[in-house]
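Fold the following, please.
(2 chains)
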Protein chains: 2
Amino acid sequence: MRNSLSVDKVYILWVLLRQAKDAVFKATEKELRQYGISPEEAAVLSVVQALGNKAIPAEISRWLLREPHTVSGILSRMEKKGLLRKTKDLDRKNLVRVSLTDKGQQAYYQSAKLESFRQIISSLSEDKRQQLSSWLKTLRERALKELGVDQEPLFPPSQ
Amino acid sequence: MRNSLSVDKVYILWVLLRQAKDAVFKATEKELRQYGISPEEAAVLSVVQALGNKAIPAEISRWLLREPHTVSGILSRMEKKGLLRKTKDLDRKNLVRVSLTDKGQQAYYQSAKLESFRQIISSLSEDKRQQLSSWLKTLRERALKELGVDQEPLFPPSQ
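Sure thing, here's the model as predicted:
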């Protein structure tokens, strides 16, 4: 099986996708630690920032492809850390809106710097990065279709 | 910041890498559920299979880029499920070797089928997949270097 695996390029691609993402996020994790946030929290910050006044837990959960109860736990933890604020909608009392506090906003700017990733990605030319982005987008769209998610994430914005 | 973000292609690429991997793995998760294993367990199966008689917890942890205590938990869970076997090395009693049981071997073959991913990846031509693999490998290598990991994973094998 080891020999037949070495020619199964689809399997290799699947493993590489995981390894590349994991290695990149591990490097990011190291960088973010100095700001006291995890890559997961950085992802939430970016989604809350991008959603603006549409940031409600269900929507954040959909964007992050995480279960609502998982997201709920992360949001509570981030609220305790003073990164987020949860407010009840004035018109629909059962609707909770999530927004960034000043501290959260600052953490967001810091996390968006991504110095380690800029270092890592500098190994690919501008053209290659553009291609890579477009293919990753294709994979994301096809995977979401496979999952029965009809509306793709609005972030990052289409260009 | 939203406007300036929409032109920060490096940040977008970072987000896309996460989203593409997460969406693909979420689709894989759905597929693997029928075999009773998680994508994380499938990753362990592939590493144990690839490492052969070099499969010891420390090595598995290094390959998966996961903390030893996390891997230790996963390995115990998988042992309980009958997927793995832990045996003490005859010469070095404090050394534990991990191998696949018949059930684990079968789960490995099933998980390597990756039908959902084959469906997803069919949207990219053979040439593009090859390119994508090579760039993901570059990112992985650079990220590992950033992390101070000098020896890169031996799997997938170089081609």
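
can you give me the strands in chain A?
A:84-88, A:96-100 (DSSP state E).

what's the spatially most central residue of chain A in contact with, if anything?
Centroid-nearest residue in chain A: residue A:43, 3.9 Å away (criterion: Cα atoms, centre = their mean). When contacts are counted by Cβ atoms under 8 Å, 6 or more residues apart in numbering or on different chains, residue A:43 touches A:64, B:15, B:18. From N, CA and C alone the C-beta is placed, and that goes for glycine too.

Would you point out the helix or strand in chain A whose mean pLDDT is lowest?
helix A:2-6 (a mean of 40; mean pLDDT, DSSP states H and E).

quick one on the thing from earlier: most packed of the strands of chain A?
Compared across the strands of chain A, strand A:96-100 shows the largest average neighbour count, a mean of 19 (mean count of other Cβ atoms under 10 Å in any protein chain shown).

for stretch A:17-33, what is the average pLDDT?
The average pLDDT within stretch A:17-33 is 91.

Which residues does it contact?
A:38-39, A:41-42, A:110-111, A:114-117, A:120, A:139, B:14, B:17-18, B:20-21, B:24-25, B:43, B:64-65, B:136-137, B:139-140, B:143-144, B:146-147, B:153.

which residues of chain A fall in helices?
For chain A, applying DSSP state H gives helices covering A:2-6, A:9-33, A:39-51, A:57-64, A:68-80, A:102-113, A:115-121, A:126-146.

circling back to that earlier point, could you dump the strands of chain A into JSON lines with mean pLDDT added?
Formatted as JSON lines, the strands of chain A follow (pLDDT from 0 to 100):
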{"stretch": "strand A:84-88", "mean pLDDT": "93"}
{"stretch": "strand A:96-100", "mean pLDDT": "95"}
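
show me where pLDDT drops low in chain A?
A:1-7, A:150-159 (pLDDT under 70).

run the last query once more with 80
A:1-8, A:65, A:89-90, A:93, A:149-159 (pLDDT under 80).

got the contact list for the residue lying closest to residue A:58 once chain neighbours are set aside?
Using Cβ to Cβ, 6 or more residues apart in numbering or on different chains and skipping the chain neighbours, the partner closest in space to residue A:58 is residue A:68 (6.5 Å). Contacts of residue A:68 were listed using Cβ under 8 Å, 6+ apart, and they are A:57-58, A:61.

Correct me if wrong: residue A:67 contacts residue A:61.
Yes - counting by Cβ atoms under 8 Å, residue A:67 does reach residue A:61; the two are 6.9 Å apart.

So for those two, which residue has more residues nearby?
Taking other Cβ atoms under 10 Å in any protein chain shown, residue A:67 and residue A:61 do not tie; residue A:61 has more neighbours (19 against 10).

Excluding residues flanking it in the chain, which one is nearest the more buried one?
Nearest to residue A:61 is residue A:71, by Cβ to Cβ, 6+ apart, at 4.2 Å.

The one you found: how many residues sit nearby?
Neighbours of residue A:71 using other Cβ under 10 Å come to 23.

my guess is it contacts residue A:64, does it?
Yes - with contact defined as Cβ under 8 Å, residue A:71 and residue A:64 form a contacting pair (6.3 Å).

Quickly list what's touching both of those two.
residue A:44.

Please list all residues in contact with residue A:36.
Residue A:36 touches A:81, A:107, counting by Cβ under 8 Å, 6+ apart.

how near is it to chain B?
Distance of residue A:36 to chain B, given as Cβ to the nearest Cβ, to the nearest Å: 19 Å.

likewise residue A:102?
14 Å.

who touches that residue in this structure?
No contacts exist for residue A:102 under Cβ under 8 Å, 6+ apart.

how about the nearest residue to residue A:107, chain neighbours excluded?
The nearest residue in space to residue A:107 (Cβ to Cβ, 6+ apart) is residue A:37, at 5.4 Å.

Quick check: the one you found vs residue A:54, distance?
22 Å (Cβ to Cβ, to the nearest Å).

for residue A:113, same thing?
On the measure of Cβ to Cβ, residue A:113 and residue A:54 end up 25 Å apart.

likewise residue A:148?
In terms of Cβ to Cβ, residue A:148 sits 22 Å off from residue A:54.

One more: residue A:73?
21 Å.

Kindly report the same for residue A:143.
Counting by Cβ to Cβ, the gap from residue A:143 to residue A:54 is 23 Å.

More neighbours: those two, which one.
Neighbours per residue (other Cβ under 10 Å) separate residue A:143 from residue A:54, with residue A:143 holding more: 28 against 12.

count of neighbours near the closest residue to that one other than its chain neighbours?
Nearest residue to residue A:143, sequence neighbours excluded (Cβ to Cβ, 6+ apart): residue B:23, at 3.6 Å. By the criterion of other Cβ under 10 Å, residue B:23 has 25 neighbours.

Please determine how far residue B:23 is located from residue A:18.
12 Å.
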